[in-house]
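In: I would like to see how this sequence folds:
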Amino acid sequence: MNTLTEHGNQEHPMAGAIYERSNIINVTPEGRIVSIFTGAWLLGSAISKVDKRPVASLLKLIGAGYLLYRGISGNCLINGFTGKRRPDRHSAAINIRTSMIIDNPREEVFYFWRQLNNLPVFMKHLQSVEELDPFNSHWVVKGPGGIGTLEWDAEIVKEIPGEMIGWRSLPGSSIATAGRVTFRDTPNGDTEIDVMITYRPPAGYVGTGLAWLLNPAFENMIIRDIKRFKNYMETGEIIS
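Out: Numbering: from 1, shown residues only. Predicted coordinates:
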């Protein structure tokens with residue numbers, strides 16, 4: 001896995017402290033959602049009254065900017081300076097685990113997933129997965145709203161044909177990610193799959209355009225993507 005390091009400003013202690021604290025996720029998912037909605041409301045209010053109340057509108061713009069930063073990045077500088085380094089129910093990674101039963105034989109389900117280039121068919125957050133050889137692949141993830149991409153190379157680290165696939169990003173990748181899928185027969189001949197996926201951006205990701213990876217909306221999108229797999233295997237159709 002990737003070894004993540006942090007790089008601060010070594011020339012000025014205060015600047016270094018601010019930089020370090022700005023790279024910490026210390027706002028809960030609920031707090032981030034509230035911050036985004038409140039910031040958006042303040043922004044709209046400031047713009048609508050800028051001619052009548054310029055000073056008040058300026059203060060609202062400053063507040064809106066901070067709240068939007070807090071919500072999108074998950075970082076609260078106030079929490080950082082008061083010593084709160086992490087949110088109560090969130091860490092600097094997305095960790096997803098979900099299980100489901102698919103009405104198809106286990107071998108069929110396994111080999112469809114094992115062809116990694118099939119994953120973007122039902123996973124909307126993936127733009128492409130290119131298999132470079134039997135064990136190595138190149139992944140491209142779409143940014144929010146389809147703007148921008150994030151790419152890395154990954155390898156299959158463990159495989160039990162028909163039963164389990166495990167993969168991870170290669171050392172030096174722009175993101176540390178890993179996943180594992182297990183496949184089991186059910187008593188009536190269906191397939192139970194258990195999926196675990198982790199995305200962890202590198203240290204210093206706040207302000208680099210990668211903060212969206214830890215947004216709860218991105219996590220929910222991945223869960224929906226996995227659920228689409230069941231529908232696609234059973235019907236051949238993609239649900240929206």
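
In: show me what contacts Ile102?
Out: With contact taken as CB atoms under 8 Å, 6 or more residues apart in numbering, Ile102 is in contact with Val109, Asp190, Thr191, Glu192, Ile193, Phe229, Lys230, Met233, Glu234. (C-beta placed from N, C-alpha, C; glycine too.)

In: so who does the third one touch?
Out: Contacts here follow CB under 8 Å, 6+ apart; on that basis Thr191 touches Ile101, Ile102, Asn104, Pro105, Arg106, Glu108, Val109, Phe110, Phe183, Arg184, Asp185.

In: again, only this time at 6 Å
Out: By CB atoms under 6 Å, 6 or more residues apart in numbering, Thr191 lies in contact with Ile102, Asn104, Arg106, Val109, Phe183.

In: next, give phi and psi for it.
Out: phi -120, psi 130 (degrees, to the nearest 10).

In: flag the shaky bits of this structure, pLDDT-wise.
Out: Along the chain, segments meeting pLDDT under 70 span 1-35, 37, 73-92, 143-148, 201-217, 240.

In: reformat the contacts of Ile102 as a markdown table; add secondary structure and distance to Gly172.
Out: Converted to a markdown table, the contacts of Ile102 look like this (DSSP: H, G, I helix; E, B strand; the rest coil; distance: CB to CB, whole Å):
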| residue | secondary structure | distance to Gly172 |
| --- | --- | --- |
| Val109 | helix | 33 |
| Asp190 | coil | 40 |
| Thr191 | strand | 35 |
| Glu192 | strand | 35 |
| Ile193 | strand | 30 |
| Phe229 | helix | 30 |
| Lys230 | helix | 35 |
| Met233 | helix | 34 |
| Glu234 | helix | 39 |
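
In: inside strands: which ones of the contacts of Thr191?
Out: Ile102, Phe183 (DSSP state E).

In: please list only the buried members of the contacts of Ile102.
Out: Val109, Asp190, Thr191, Ile193, Phe229, Lys230, Met233 (16 or more other CB atoms under 10 Å).

In: quick one: secondary structure of Glu237?
Out: Using DSSP: H, G, I helix; E, B strand; the rest coil, the structure places Glu237 in coil.

In: please save the CA atoms from stretch 183-192 in CSV.
Out: Taking C-alpha atoms only, stretch 183-192 is exported to CSV below (Å, rounded to 0.1, in the frame of the first residue of the first chain):
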residue,chain,number,x,y,z
PHE,A,183,-18.5,-15.0,-3.9
ARG,A,184,-20.5,-17.8,-2.1
ASP,A,185,-23.2,-20.2,-3.2
THR,A,186,-26.6,-19.9,-1.5
PRO,A,187,-28.7,-23.0,-0.7
ASN,A,188,-31.0,-22.3,-3.7
GLY,A,189,-28.2,-21.9,-6.2
ASP,A,190,-27.9,-18.1,-6.2
THR,A,191,-24.7,-16.2,-5.4
GLU,A,192,-24.0,-14.1,-2.3
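
In: quick one: buried residues of it?
Out: Phe183, Asp190, Thr191.

In: what of stretch 153-173?
Out: Quick answer for stretch 153-173 (16+ other CB under 10 Å): Asp153, Ala154, Ile156, Ile165, Gly166, Trp167, Arg168, Ser169, Ser173.

In: longest strand anywhere in the chain?
Out: Max-length strand for the chain by DSSP E is strand 149-160.

In: how about the helices in the protein?
Out: With DSSP state H, the ranges of helices along the chain come out as 13-22, 29-48, 54-73, 77-81, 106-114, 119-122, 216-235.

In: output these as JSON lines; include the columns distance to Pro161.
Out: Formatted as JSON lines, the helices of the chain follow (distance: least, CB to CB, whole Å):
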{"stretch": "helix 13-22", "distance to Pro161": "46"}
{"stretch": "helix 29-48", "distance to Pro161": "38"}
{"stretch": "helix 54-73", "distance to Pro161": "42"}
{"stretch": "helix 77-81", "distance to Pro161": "48"}
{"stretch": "helix 106-114", "distance to Pro161": "7"}
{"stretch": "helix 119-122", "distance to Pro161": "18"}
{"stretch": "helix 216-235", "distance to Pro161": "18"}
